[in-house]
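**Student:** Quick one: sequence plus predicted model below, questions after.
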Amino acid sequence: MRRWKLTVAYDGTHFHGWQRQEVPGGEPLRTVQGVLESTINSTFSIDARVVGASRTDAGVHARAQVAAFDCSIDIDGVRLARAISARLPDDIAVITAEPVHPGFDPICDCLSKGYRYTFRDACPNAHRAGVFERLWVAATPHAVDAARMHAAAGMLVGTHDFAGLANSIEDRATTVRTIHGCSVRRMPDGTVTIDVSGTGFLHNMVRILSGTLLEVGRGHYEPAHIRTILASRDRSLAGPTMPAQGLCLEWILYPKTGSNA
């Protein structure tokens, strides 16, 4: 039996997130894990379970999600990736496939993950970006100061209790997380991007973090308000949860390879 590591890209618009979701008495919801798993199993006539590194929410995208499964077929990585992708729907693809050691765990072996949140500010249509970017870019009617947001973003770097920047924390053993980097830039096309990386994230943490930085950018909060939120652990002091379409899982880093997966 061989364990395979897959790097998967998907447009999350029409998925109910990554994780398989069964509906009592009905058809399972369309999820990335469910579609990928059923495609792999039908392609190779096996009954494999696919494990993913990150449980992205409904509508969230990924350029480099990592997943793993076991099978005994004799095939090389290039052919494996092509065989799976050829049978997947247009909004998901296996970018690479490589054999890894039997103990490889996409979740526990992860060293760091990188997310990017993208939005367009000062939109005349208050909550909708342009026709050709609306599925991947969020929108706000407020004009923002990206430099001000960047100053606040730096205060998130380090190991902190992020309970004030997350939802559904009751089922977590700890709300302490480590952020390796957080930066804000205005891009040449006028969009604003928030790049954040860390060892792991709480539920909706990146979207709430982004909404909080947006509030700093529009002048609703001072940059130092970030420290108040972290110290208080109070979700009501933070900004709104930003829409899912602006969020993308960009990369996941593992040991030994020395590069992003």
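**Tutor:** Everything's here; your move.

**Student:** Show me what Pro99 is bridged to.
**Tutor:** Beta-bridge pairing of Pro99 under DSSP bridges involves Trp4.

**Student:** oh sorry, the question was meant for Arg185
**Tutor:** Residues in beta-bridge contact with Arg185 (DSSP bridges): Thr193.

**Student:** Report how many residues lie close to it.
**Tutor:** 14 (other CB atoms under 10 Å). The C-beta positions use only the backbone N, C-alpha and C, and glycine is treated the same way.

**Student:** separation between Thr191 and Thr31?
**Tutor:** According to CB to CB, to the nearest Å, Thr191 and Thr31 sit 28 Å apart.

**Student:** Give me the more crowded residue out of these two.
**Tutor:** Thr31 (22 against 19).

**Student:** The more buried one against Tyr10, yeah?
**Tutor:** No - contact criterion CB atoms under 8 Å: Thr31 and Tyr10 do not qualify, at 10.3 Å.

**Student:** those strands in the stretch 51-200 of the chain, which residues are they?
**Tutor:** Here the stretch 51-200 of the chain has its strands, by DSSP state E, counting those that start in this stretch, at 51-52, 61-71, 92-100, 112-120, 138-139, 158-161, 176-186, 192-198.

**Student:** what's the most buried one of the ones you listed?
**Tutor:** Counting by mean count of other CB atoms under 10 Å, strand 138-139 has the highest mean neighbour count of the strands of the stretch 51-200 of the chain, with a mean of 25.

**Student:** In its sheet, which strands sit next to it, and in what direction?
**Tutor:** Strand 138-139 has these partner strands in its sheet, going by DSSP bridges: strand 112-120 (parallel).

**Student:** can you give me the offset of the strand it pairs with from its chain's centre?
**Tutor:** Offset of strand 112-120 from its chain centre (CA atoms, centre = their mean, to the nearest Å): 7 Å.

**Student:** what does that strand contact?
**Tutor:** With CB atoms under 8 Å, 6 or more residues apart in numbering as the test, strand 112-120 has contacts from 53-54, 129-130, 133, 136-140, 180, 190-201, 206-207, 210, 214, 242, 246-253, 260.

**Student:** Check stretch 243-253 too.
**Tutor:** Contact with stretch 243-253 is made by 12-13, 53-54, 56-66, 106, 110-119, 127, 134-138, 195, 206-207, 210, 259-261, as judged by CB under 8 Å, 6+ apart.

**Student:** Please repeat the previous calculation with a cut-off of 6 Å.
**Tutor:** 53-54, 56-57, 59-66, 110-119, 135, 138, 207, 260-261 (CB atoms under 6 Å, 6 or more residues apart in numbering).

**Student:** Extract the CA atoms of that stretch and return them as PDB.
**Tutor:** C-alpha atoms of stretch 243-253 as PDB (Å, rounded to 0.1, in the frame of the first residue of the first chain):
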ATOM      1  CA  PRO A 243     -17.500  37.100   2.800                       C
ATOM      2  CA  ALA A 244     -16.100  33.800   1.800                       C
ATOM      3  CA  GLN A 245     -15.300  34.500  -1.800                       C
ATOM      4  CA  GLY A 246     -12.400  36.800  -0.900                       C
ATOM      5  CA  LEU A 247     -10.500  34.100   0.900                       C
ATOM      6  CA  CYS A 248      -8.000  31.600  -0.700                       C
ATOM      7  CA  LEU A 249      -5.700  29.000   0.700                       C
ATOM      8  CA  GLU A 250      -2.500  29.800  -1.100                       C
ATOM      9  CA  TRP A 251       0.100  27.300   0.200                       C
ATOM     10  CA  ILE A 252       0.900  24.800   2.900                       C
ATOM     11  CA  LEU A 253       4.400  24.100   4.100                       C
END
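
**Student:** tell me the mean pLDDT over it?
**Tutor:** Mean per-residue pLDDT for stretch 243-253: 97.

**Student:** how about that stretch: buried residues?
**Tutor:** Pro243, Ala244, Gln245, Gly246, Leu247, Cys248, Leu249, Glu250, Trp251, Ile252, Leu253 (16 or more other CB atoms under 10 Å).
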